[in-house]
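# Sequence and predicted model, in that order:
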Amino acid sequence: MVKNTFVMQNYDVVVIGAGHAGIEAALASARLGAKTAIFTLSIDAVGNLPCNPSIGGTAKGHLVMEVDALGGEIGKAADATTIQSRVLNKTKGPAVHSLRVQSDRRLYTLYMKQALEKQENLDIIQSEIVAVSIKKERVNGVYSRLGGFYGAKCVVIATGTYLGGKIHIGDCNYHSGPDNIAAAVMLTENLCRLGIPIRRFKTGTPARVHRRSIDFCMLERQGGDEEPIKFSFMTDYKIENLVDCYIAYTNEDTHKVIRDNLDRSPLYGGVIEGIGARYCPSIEDKVVRFPNRNRHQIFVEPCGVKTDEMYLQGMSSSLPLDVQLKMYRTIKGFEKVEIMRPAYAIEYDCCDPLTLYPTLESKSIGGLFGAGQFCGSSGYEEAAAQGIVAGINAARKVLKKDEFTLERSSSYIGTLIDDLVTKGVQDPYRMMTSRSEFRLILRQDNADRRLCETGRKLGLVDDTRYKRYLKRKQIIEKEMLRVKTATIPPSPALNVVLLKNGLDPVHTGITVEQLLKRPGISYADLMELDSGRPEIIDKEIYDRLEVEIKYEGYIARQTAQIEKQKKLENMPLPEPLDYGLVLGLRLEAVEKLGKVRPRSIGQASRISGVNPADIAVLTIWLKKHKYEKRSNEE
């Protein structure tokens, strides 16, 4: 406990940490009417992008658009600070198309700082929180390092990599968060005393190098899209590409330098105890794990328009500084490279997400929520997604409203949180489109249709945003009806389009919908032939309509799967429940069910170690339990 404490202020909700999770949690809480405070180690680092200076990417772009549809901020911030925009996976199916933008790192921080400053009902306080106060198994406030006590009915922990942060560069290691901002070390001790299970994870960051020291003639240029799309449905200005990115490659000389110095790597010397991200390995890991690969890609990305720092995506490392310099200079174009900020590994503390409900509230301490890397995930976008859910639930708990959760079938946000609290994590969790069984329905282009109504009911989508959504929805529905009946007569021009795509010519009239269902035919192909085509519809809407039409059968099939899954989700399991009393359950299932404490048969079916036979036993038990309950009531 902190000595010489004094009472400061009382809040409904306190958020610890002002990274991507903390920002969304605090904004959501304040916008819903809860008196909120957000604490940060440095106000200048609000919304910091300590690793890659980008937002979005595969599946991550989906998360950003979903947060935006709910009324969050990350999408608007990304649009406002974009310096290059690209949709990834465009050569693949629409389910995996994902927007990724390079953001101006400093402008992004300033945008988010101002968003917090302008938000009513929200205080921003620069102070380290060292303890959470608990009374009768419920949160009642927090203590700062300066001795201040701040009363709180709910607390959201969104500490990122600062909680117990420790930097590793070769044999040099020291307690710190990213960018040499002090780590939060005392809070871990407090959480351990409160019985919160803490584990140790690790992530890595590549070096930043000076633009003038790179020979770009030796690299592959990677430009932005000609027609950039937007993350936020509220962005009404044109996104412009201001910079180019580049691709470089490691080679055998690079790999030899790394192999010759593995003994100096804290990762392979046993100094680092934390578990690293499986899908974002360091360059040392890549060389060791993939010995037959003679090169690895490096994405050379600008950190902003008013800085010469360049970020080397794909080259995270914890090797000593002298080895780093030697390693980088073996790469074509990097022969004279100048390191401005060295690469480093960082260890940090986080909780076991199996100890959280789908609301992200602790199962053991009422009013204590987690979000972001504290819950075992990695990535800005995953953090923002959890942050908005945690903030919503903290505020709703204070305001005595029903809790809020999202199903897997509704969103990637729902998939992310369900994976964390149901399956748990062994290493930092990263969202991927393959994690969702409903990804054809959960596309980034229809995030507003899926979640805007939800955001409106919660109170996070204002009138302006909602009117824009309704107008867009009306245009889409009207055009969908039109293409089902609008007929294009046979003509030489139409047959040219068909033959060009390897299709048979037509000799009778054919509807626009029938044409669009044919392989290779797009709205653009029919632009001159479809005389009834409204001019007010933008390309993004046409792209979405095209997907809905072409994949109508597959979408219908997934919709049927969702309805089937909902039946299981709607079969609640009582809590608390002693699973040892359920006859027929295997011992492993009893153990796993008791640890996760699922809220429904559907959630129970996704627990690792619980098989279909166990679910059948549970379902029979549940039906019998309900029957006996009704009989007793009669």
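Ah, there it is. Residues are numbered from 1 along each chain as shown.

# residue boundaries of the strands in the stretch 351-500 of the chain?
In the stretch 351-500 of the chain, the strands defined using DSSP state E, counting those that start in this stretch lie at 368-370, 487-488.

# Determine which of those strands shows the lowest mean per-residue pLDDT.
Lowest mean pLDDT within these: strand 487-488, at a mean of 92.

# For the strands of the stretch 351-500 of the chain, give me a markdown table that also has distance to Ile537 and mean neighbour count.
Bear in mind the C-beta positions are built from the backbone N, C-alpha and C, glycine included. Listed next are these as a markdown table, based on distance: least, C-beta to C-beta, whole Å; neighbours: other C-beta atoms under 10 Å:
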| stretch | distance to Ile537 | mean neighbour count |
| --- | --- | --- |
| strand 368-370 | 41 | 28 |
| strand 487-488 | 17 | 16 |
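
# want to throw these into TSV with distance to Met186?
Below are the strands of the stretch 351-500 of the chain laid out as TSV (distance: least, C-beta to C-beta, whole Å):
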stretch	distance to Met186
strand 368-370	17
strand 487-488	70
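
# To Gln558, which of these lies closest?
strand 487-488 (29.8 Å; C-beta to C-beta).

# Direction included, what does that closest one pair up with?
strand 510-511 (antiparallel) (DSSP bridges).

# State the mean pLDDT of the strand it pairs with.
pLDDT averaged over strand 510-511 gives 93.

# residues contacting Gln558?
Going by C-beta atoms under 8 Å, 6 or more residues apart in numbering, Gln558 touches Phe438, Leu440, Ile441.

# With neighbour count and pLDDT as extra columns, can I get the residues you listed in JSON lines?
As requested, the contacts of Gln558 are exported to JSON lines (neighbours: other C-beta atoms under 10 Å; pLDDT from 0 to 100):
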{"residue": "Phe438", "neighbour count": "21", "pLDDT": "92"}
{"residue": "Leu440", "neighbour count": "19", "pLDDT": "92"}
{"residue": "Ile441", "neighbour count": "20", "pLDDT": "94"}
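
# The residue of the chain positioned farthest from its centre - nearest residue in space that isn't next to it in sequence?
Here the chain reaches farthest from its C-alpha mean at His507, the gap being 49.9 Å by C-alpha atoms, centre = their mean. The shortest distance from His507 to any non-neighbouring residue, by C-beta to C-beta, 6 or more residues apart in numbering, is to Pro490 (5.3 Å).

# Tell me how many other residues crowd the one you found.
13 (other C-beta atoms under 10 Å).

# Surely it touches Val506?
Yes. The criterion here is C-beta atoms under 8 Å, and Pro490 meets it with Val506 at 5.3 Å.

# State the distance from the residue nearest to His507 to Leu499.
13 Å (C-beta to C-beta, to the nearest Å).

# overlap in contacts of these two?
Pro505.

# Pick out the residue nearest the middle of the chain.
Centre-nearest of the chain using C-alpha atoms, centre = their mean is Glu382, 2.2 Å out.

# residues contacting that residue?
Taking C-beta under 8 Å, 6+ apart, we find Glu382 in contact with Lys60, Leu63, Gly372, Leu416, Tyr429, Arg430, Met431.

# and with 6 Å instead?
Met431 (C-beta atoms under 6 Å, 6 or more residues apart in numbering).

# that older thread, out of the strands of the stretch 351-500 of the chain, flag the one nearest Lys153.
Closest approach to Lys153 among the strands of the stretch 351-500 of the chain (C-beta to C-beta): strand 368-370, 10.9 Å.

# returning to what we had before: would you reformat the contacts of Gln558 as TSV and include distance to Thr36?
Compiled in TSV, these are given as follows (distance: C-beta to C-beta, whole Å):
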residue	distance to Thr36
Phe438	33
Leu440	38
Ile441	34
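
# list the helices and strands the host helix or strand of Asn140 packs on?
Using DSSP states H and E, the element containing Asn140 is strand 138-144. With contacts defined as 3 or more C-beta pairs under 6 Å, 6 or more residues apart in numbering; DSSP states H and E, strand 138-144 has these neighbours: strand 129-135, strand 148-157.

# make it 10 Å
If you count contacts as 3 or more C-beta pairs under 10 Å, 6 or more residues apart in numbering; DSSP states H and E, strand 138-144 packs onto strand 6-16, strand 36-40, strand 129-135, strand 148-157, helix 186-193, strand 368-370.
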